[in-house]
Structures are given as structure tokens and as C-alpha cells.
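**Student:** mind looking at a prediction? Sequence and model below.
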Amino acid sequence: MIKDDLNVIIATDCGSTTTKAILIEKKDGVYRQTFRGESPTTVEAPFEDVTRGVLNAFAEMEELSGRKILDGEKIITPAQGNVGVDIYVSTSSAGGGLQMMVAGAVKTMTAESAQRAALGAGAIVMDVIASNDQRLPHEKIDRIRHLRPDMILLSGGTDGGTVTHVVELAEYISAANPKPRLGMTFQLPVIYAGNKDAREKIKEILSIKTSLNITENIRPTLERENLFPARQEIQKLFLEHVMAQAPGYKKLMSWTGAPIMPTPGAVGLIMQTIAKKNNINVVGVDIGGATTDVFSVYGEIFNRTVSANFGMSYSISNVLAEAGIENILRWVPFDINELDLRNRIKNKMIRPTTIPQTLEELKIEQAISREALRLSFEQHKSLAVGLKGVQRERDISEAFKQEVTGETLVDMLKLDLLVGSGGVLSHAPRRSQAMLMMIDAFQPEGITRIAVDSIFMMPHLGVLSTVHEQAATEVFEKDCLIPLGTCISLVKNNIGKPKEKCISYKITMPDGKKVEESLPCGELRVFPLGIDQSAEIEVSPVKNFDVGAGKGKPITNKVFGGVVGIVIDTRGRPITLAKDKASRTEQLQQWAKAIDAYPE
Amino acid sequence: MTHAYTPGLRIAEKTKVTSQRSLPLLGDVIVKKGDVLKAEYVVARTHLPGKVHAINAVNRLGIQPKDLREYMLKKEGDVVQKDEIIAETKPWVKMLKTALLSPITGTIETISTVTGQILLREPPKPIQVFAYIDGTVIEIMEKEGVVMETTATFIQSIFGVGGETVGELVIAVNKPGDVLTAERIQPTYKDKIIVGGAFVQHDVINKAKKLGVRGIITGGLDDEDLKKLLGYDLGVAITGSEDIGITLIITEGFGKIQMAQRTFELLKSRTGAKTSINGATQIRAGVVRPEIIIPHDTSGKTSGEEIDKPIDRGMEIGDSVRIIRVPHFGKIGRIKSLPFSPQKIETEATVRILEVEFPDGSTAIVPRTNVEMIET
């Protein structure tokens, strides 16, 4: 571990379009994020050197903070007074991030474990090849050849089990002779993390045509999933092969005081750190222009998925294609012609940097974001599942075992904190818009705290946590997260008719004032409660409704405030929208008004 | 970062244009530096590896994988003909013999004694890369391809589908605001690239395809018609490889939008010229926009004359801009003012803005990210 006397830390995230730098300083014994600077990423022509963008971001930071960071093109270390920094750390998703293909013998077993290993390491999984994926051999070979991933993770078979299927997959990879995306003359890195008895055969088949790396089996027995060694190998090869081929990264790597991490891998790390520190279950989402990442930490189990084509600009049109126009229209609180909506979405796709200028346009984008978030979360829930009929163990941290059924591990009732990040959430003109978008998309159940990432510094804090956990968590709690408040809602399969009697509640506010009310089905009610405040709430559902303790059973809890406050939601789970357009529009307008989402 | 700079789409009457012509795999370059070529010339060629076929030999022969080689009549690397026997069993009774026939003409790539599979590969498929523009070879990339250069009218557009094509340019409408209707598509437009005005619909594109029109350039298109043309809802703007029998380029955006006057006039001034177009669009990393290249000198030699230069500075008062988002979508005007401080707009977002003056004298406040410079 690095020395404890880090007082000034500079961190960057080299994204595909922007390089974002933050400065963290220890003041009065506490780490705080103090300044930020950004600059366009310079991985592509005409610069083709990532360090240009980093230096530009540093230059902006120097201008804003008054701290001299650079001596020419050299970072000044250590910090002395207002000159220099103690350490520089960075993450990167520039040039498309880490793109992988994974292969496993059985689609729902080793192939799925391989997918979880790759996603957890911060990769985009371009395709999952499995012996039983219904594709013909030549189709698999063609696919492998055409994908041009950064690396392949091959798994299959339990230790001591059958070798045939995994050898067959190796033969397909060999026949395809795939080339890496970057550096035409280099051999494609392949990680073998399957049946150890097949290692020699795999070496025979793949060691000449690929750069083969062998690590522990990700599924040594049917009952055990062992993803950590494969994830470490992926991150090591990401640095050695992928990053080393990307323009300027060799120089960048020589500047950093800790290994550069893939951006989503770093976000996952900070989520795990926070969940562990506070002993809570967390779901986080980062909705970008091209992709949406979802993270969940339940107990010791961490899962990450990336929906590569659910984003708010480059891939906004894919949200329309996947969700369908009806699903988007259901969230638009006014009447709009379908043809017009389709053209607007396509125009955003071809000019992705534009922003809504009118309120109507903003509402449309926020309607689309609900569907992008919903679809991404559904994908996450379908991959964050237990191993069927067996006991499981993940990572090397602690053996965590539980009986599982193959059902999703993401239990909304057990969720403590939902964190949103990405332009449409972090930069929504009103925080209440972000809160409503997240409630509508994720549909939390029972009592759930909701927050947004203020300026997207989770990647920086993730990589920082590898060298200084205290600095990372202090900044995360004080400067990164903006608490929006707490949502209290019905649990799943609780749907009532509008105006039907639903719940009553008693809230004891921090000043001792008491609120006693009841709320029928289909409504939203907001009570302001400040960021550092908490209140006592007792919610009593009528006999057919459940707020987490069972039908008709009351719950009493301490709830925390935020910039929005306490949101009581009786709209049902799933949220039920009126079928006819006029009533639905009225409903949406009423809910937006309740949470004060838009100007009158 | 003291100034905002929104790169626009280039429109140049006369400029130097280069085009990199690369093979997908290493191969042979068959032209020399300095060669003056027509667009249809082949500049490089290679062979793509043939398709691989797998046969589960052990199942078909009823044998164990480890014994497979004993039953093989061919070995790895051998050339085989379609229906030729490649393996057979050796029973005592000849009638019970099972033979394994090759499903293709090609070579035996792998015989696996672990999986019991035989992988066969079809012969390599030759592919060629064309010059695409009339011009001069200015650089040879050994085994990879060439760089072509020409002096041309160059127009970048916003979106397209369909790949590279070359044809004579014809103007099919009178004004940039006209709609390209079916009646305007003439039989004489076969093998030509036609310029519409503000809009084209699916039935018109279909008629043009049937007549053998090679490309259509228009201001706008409805997403619904694009969906009909492609047969699916386009999710991500990575295009150019569609097999739709025509190349379609839109210069302004989706919807009915008048083609920019200058674009229309420029195209009109080059009526009858040989034109190279490519609908390939890629909005993410390494932006690719559709292009219209109309070489000036058919001998292909770069003239060395005064050429248009792209803008490499920030926005300034007086610059011509196109508004690229509602409520003023598609309008063109000049920058009247560039206030330094961010301002609150209707959505309540605080953003940097600019004031645009339209040709009729009216003005509008627009976020800076919602305009693009018209580069000349």
C-alpha cells in the first residue's frame, strides 16, 4: 500500500470523448474534491496520443486551482505548498474501452460465468459463444473472425470433467485465427480459464496462433464460481496488450502511481467498497451516450452488466428499436405525433452532442431515458442470477454461500441505496426529475434511498480506492454523492385502482412536527427533508397492500432526506399507467406536479 | 478551452481530397505511386480465407475420437473435392462400410482426436479494392492499399446508407425545397446519381432502384421510410455495408428539410460530372460522415490550384451556422453575438448560448451545442 501521507491527489478518467480530471486535497484532516478540469480526449486522429488530452485537462485545472501541477510535460511530485501533487491515478474507456468475446461450454453455465467474469472486470462483451448456442460451427467461426475483440476469455468444463467441448471451442478459435482490434501485427490475447485437465490440449491448439494465458478455472466445480483470478488476468492483459497498443498509453502508464483501470471496473470497485463499508445493498447505474452500465452489490456478491447499445445519444435510436415506440410514448406527458417522435430520436442519434432547448424536448429525452434504464436493468437482473440448484462462491474475498435457484439476485425489497450517474440523471435541470426517472425506471420497493453522482467522479474514486481507500470513501460520501431522498413504495405485484384506499402514514419530522395522512392508490406525495436530516415514519397499508412487511402489516423506520425529500409512491408495482392517451397524459402531469419536476 | 468549437460538415467548391483505399487483410498492391487512375480501376487485391465447415466425423462413422486418424483417407492440408470420400470405416462385411464425404471443395484443416471433428476450409475468396475516385496514387501502403488524391468539389453530409458508388450527377428538382416525387424519376437516370430537394419517400426510392439509379442525395428523409428501406429499425448509426441496391445520402437530417441553398447550388453547378459517393456513416469514435466527391479534372492530376481550406478556429461573430435541434431545426443564419456567461434556457438548464440572426432579420437564442458551423 502506498504511503499514508498523500495530501494532494490528481485523478483522470480518459473517456471516449472527454478526459475528466479531479483534484483531491486533504484539508483539516479530511479528503475533499476541490477542483475539476476537462478537455477533449485525444486518442484519435489528428493527435493520436491520449496524454495530450490529459495535459490539457491538467492545464485547465492549474488555471482554476492556482496549483502548479506541470513542469513542462512532467507532473511535479511530491506536493509542496501550492506546487505539485503526491500521486496521479487514472481510468480509461477511450477508444471503445475493453471489448471482449467470451466462450464457454454450456450457455447457461460456464459461458454465463465467463460473461460475468469479463463484465466484472470492466469489459464490453461483444458476443458469447457456447457449444449449445444453436449456431452452426461455421457460423461461430465466422463470428469469431469478424468480431476483432481486444481479447477472448475461453472457459468450459469443471476440473476433472469433460474436455471435449472446450477443446472444440479452442478449435473454432484457432480456425477463425482472429486478429486483435488494435495493432494488426500482434497476436490476440486469449485467456483460458476452464477445465485444468484440458490445458495441454488447449496449449497445443492455441499457443501458436494466439497469445495464450492460462489461469484458474472460473467454474472448478458445479457448485463453485471462481471469477477473481480470471478478472485479474483480464485487467493485467488490458494493461499489457490493449492499453499498450492504444496511442500514448505507454507514456500515460509511466505517469500513474497505480495501474490504469478500465472505467467501469473502477466504478464497480467503489460501489463494492461503499457497500462493504456501510453494510448495505447497492444498485448503481451509469447512463451514457452510447452505453448504460448497471452495478449491483448484494452482500458479498458483485455483478456488473453493460448494455452496449442503450444510451442517450449515439445509441438512442436503439432504445426506440428495442423498447418500441409505445413504451416510449407511455412516458411522454403530452400528445405527440409518432412520426415526429421517430424523426426527433434519429436526429439526436446523428447529432449526438445537441441538448434539449425546449421543455417539450427535455420531457421527451427523459421519457426515453426511463426506457433505456428499464431495459438495461432488466438485462442486469437476468445476468445477476444464482447458480442453479447448487451452492455458490464468488471472488476470493470471503467464501459466500447461499442456496440459489437461478433467479435474479437483485431483490428490490432488500435494496438500500440506488445511485444514478450519467448526463441525463446527473445534469437534469431539477434533481426531482432525476429522482422521478429513477423511480419510474427501477421501480424500487419498500424503503429505498436514492442518490445521484454529482459530476461523475466514481471512476476516479474507484481507482483511488486501490491505493487509498480512506481518501476514496471520504470524497465519495462528501462530494460525489448527492442524496435525493428516500422512496417509500408498495412491493411487487401490488396494484390498486386509482383512488382505492391504499396506505396511511405518520411522519415525525426532525423538528418534532408530526404529519398524519393517508394516500390512495395511483399517487405520489413528497415531503421535503434536508440532506443531513432524518425522520421517523410509520406506514400502515390497508389489508390488500404490502409495503415490505406483508399484506396489511405496518412498517416503522428511520428515513433519510435529500435535495428532494421523502417520496411516497402508491402507483403500484409495476407502475400502472392508464390505457387511454388522455388519462395517461393527465396521470403523468399529476405525478410530475407532485414532485415539482417541471416549471408550471 | 477558451472558445466553443462545433465542427461542421465540410462543403467545398474546390479542394484537395484524399481517400485511403485499404484491403481488409494484407495482400498485393497492383498500382504505383504517381499512377493516374479512373475510379473503376483495381488498386489492390487479396484473398479472404475460405469459410470453415465442421463435420462431426465420429458420430457419422460410429467410432471413438481417439481412433479417428485410423479411418482417415486424407490428412491435414490435403485438397479435397466435394463428395470425395475423406474417411471410411473398415468392417469385415463390405456392405456395412460407412463413408464420410466432403461437403465442400477445399482443404482439410484439422482432424481432432479429442472432439472427433474434422474442419474443412473452402478455397480463399478473391477480393479487390477499387480506386473509387478519379485521381492520382500519392502513397503506397505496402501490402495494405493506397492513398488516392484528387481536386474535387467535396460535400460532407449528415447521414447515409449504402456503400461506395460512382455515377454521373443529375439534378432532379428545380429548387432545394422541392420534394423528390416519383414523377421526377426519369428512365434516363439509370446508372446516375440524382439530387432531390428537401425530402424523398420510400416508394420513390424503390422506383429509382428499379430503374437502376445508383444514388440519391436529398435534404431529409422520414425515419419510417428508412425503416422500410432497410427492413429493420436502425439502432446505432454505423452504416455503409447495407445491401439495398442504392446509396442514399441525406444532407440535413430526418424529416422534410430543405437542402442548404449552398449545397444545392454547388451540386447544380456540377451537373453532368462524374461523382463518387459513399453513404457510410459512423457517429461514434472516429466519426465517419457520408461524402460526395466530384473531381474537377478528369485526367485525375491534382491541379495545385488555390483550394478551400477547412476552418480550424472557434466560432466568431458573423460565421454562418446551421441550427441542428428544434425549435429552429434546419435554419441557417449568422452569429450575431456570443455572450460569454452561460444563460438559463427554457428547460432551466444553464448553458452557453449564442444569438443567431436569420436572413429575414429575425433572431434566436440557441445553445452553442445546438449549432454547427457551415464550413466552406
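**Tutor:** Sure, I can see it. Residues are numbered from 1 along each chain as shown, chains lettered A, B, ... in the order given.
**Student:** for the stretch 1-150 of chain A, which spans come out with low pLDDT?
**Tutor:** Within the stretch 1-150 of chain A, the segments meeting pLDDT under 70 span A:1-4, A:45-46, A:95-96.
**Student:** quick one: the helices in it, in order.
**Tutor:** Using DSSP state H, counting those that start in this stretch, the helices found in the stretch 1-150 of chain A span residues A:50-65, A:110-120, A:137-147.
**Student:** can I get these in a markdown table with distance to A:Ile439 and mean neighbour count?
**Tutor:** All C-beta atoms are positioned from the backbone trio N, CA, C, and that covers glycine. Shown next, in a markdown table, are the helices of the stretch 1-150 of chain A (distance: least, C-beta to C-beta, whole Å; neighbours: other C-beta atoms under 10 Å in any protein chain shown):
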| stretch | distance to A:Ile439 | mean neighbour count |
| --- | --- | --- |
| helix A:50-65 | 35 | 21 |
| helix A:110-120 | 26 | 27 |
| helix A:137-147 | 38 | 19 |
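**Student:** and those helices: which comes nearest A:Ala592?
**Tutor:** Nearest to A:Ala592, of all the helices of the stretch 1-150 of chain A, is helix A:110-120, at 34.7 Å by C-beta to C-beta.
**Student:** list the helices and strands the closest one packs on?
**Tutor:** Helix A:110-120 sits against strand A:98-104, strand A:123-130, strand A:151-154, helix A:228-237, strand A:301-307, helix A:359-383, with contacts defined as 3 or more C-beta pairs under 8 Å, 6 or more residues apart in numbering or on different chains; DSSP states H and E.
**Student:** and the average pLDDT for the last one is what?
**Tutor:** So the one you mean is helix A:359-383. Helix A:359-383 carries an average pLDDT of 95.
**Student:** check which residues of that helix are buried.
**Tutor:** Neighbour-count burial for helix A:359-383, counted by 16 or more other C-beta atoms under 10 Å in any protein chain shown, picks out A:359-377, A:379-381, A:383.
**Student:** export the helices of the stretch 1-150 of chain A to a markdown table and tack on distance to A:Tyr298?
**Tutor:** Below are those laid out as a markdown table (distance: least, C-beta to C-beta, whole Å):
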| stretch | distance to A:Tyr298 |
| --- | --- |
| helix A:50-65 | 35 |
| helix A:110-120 | 14 |
| helix A:137-147 | 32 |
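**Student:** returning to that earlier point: now the helices and strands packed on helix A:110-120 as TSV including distance to B:Met315?
**Tutor:** Formatted as TSV, the helices and strands packed on helix A:110-120 follow (distance: least, C-beta to C-beta, whole Å):
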stretch	distance to B:Met315
strand A:98-104	35
strand A:123-130	35
strand A:151-154	42
helix A:228-237	42
strand A:301-307	35
helix A:359-383	22
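**Student:** the residue nearest to A:Thr18 when sequence neighbours are not counted and A:Ser454, how far apart?
**Tutor:** Computed as C-beta to C-beta, 6 or more residues apart in numbering or on different chains, the closest residue to A:Thr18 that is not its neighbour in sequence is A:Glu38, at 5.3 Å. Noted for A:Glu38: a distance of 14 Å to A:Ser454, by C-beta to C-beta, to the nearest Å.
**Student:** go on, A:Pro229?
**Tutor:** Going from A:Pro229 to A:Ser454 by C-beta to C-beta gives 35 Å.
**Student:** list the buried residues of stretch A:201-214.
**Tutor:** For stretch A:201-214, by 16+ other C-beta under 10 Å, it's A:201-202, A:205-206, A:209-214.
**Student:** can you narrow these to ones near chain B?
**Tutor:** Among those, the residues that sit close to chain B (C-beta under 8 Å from any C-beta of the partner chain) are A:Lys201.
**Student:** farthest-separated two in the buried residues of stretch A:201-214?
**Tutor:** A:Lys201 and A:Ser211, at 17.8 Å, using C-beta to C-beta across those.
**Student:** pLDDT below threshold where in chain B?
**Tutor:** B:1-8, B:284-286, B:298-313, B:375-376.
**Student:** tell me how it divides into domains.
**Tutor:** Segmentation of chain B into domains, based on automatic domain parsing, reads B:52-121, B:158-289, B:320-373.
**Student:** ok, residue 51 - contacts?
**Tutor:** This is for chain A. Applying C-beta atoms under 8 Å, 6 or more residues apart in numbering or on different chains, we find A:Thr51 in contact with A:42, A:73, A:248, A:251-252, A:255.
**Student:** could you do chain B instead?
**Tutor:** Neighbours of B:Lys51 in contact, by C-beta under 8 Å, 6+ apart: A:138, A:141-142, B:121-122.
**Student:** and the residue of the stretch 1-150 of chain A nearest chain B?
**Tutor:** Closest to chain B within the stretch 1-150 of chain A is A:Pro137: 3.4 Å, counting by C-beta to the nearest C-beta.
**Student:** enumerate the residues of the stretch 251-376 of chain B near chain A.
**Tutor:** Contact residues, the stretch 251-376 of chain B versus chain A (C-beta under 8 Å from any C-beta): B:253-255, B:281, B:283-286, B:324-327, B:329, B:345-349, B:351, B:366-367, B:369-370, B:372.
**Student:** helices of the stretch 151-300 of chain B, residue ranges please.
**Tutor:** Under DSSP H, counting those that start in this stretch, the stretch 151-300 of chain B gives helices at B:202-211, B:223-230, B:261-269.
**Student:** got it, and the stretch 1-150 of chain B?
**Tutor:** With DSSP H, counting those that start in this stretch, the ranges of helices along the stretch 1-150 of chain B come out as B:57-61, B:68-71.
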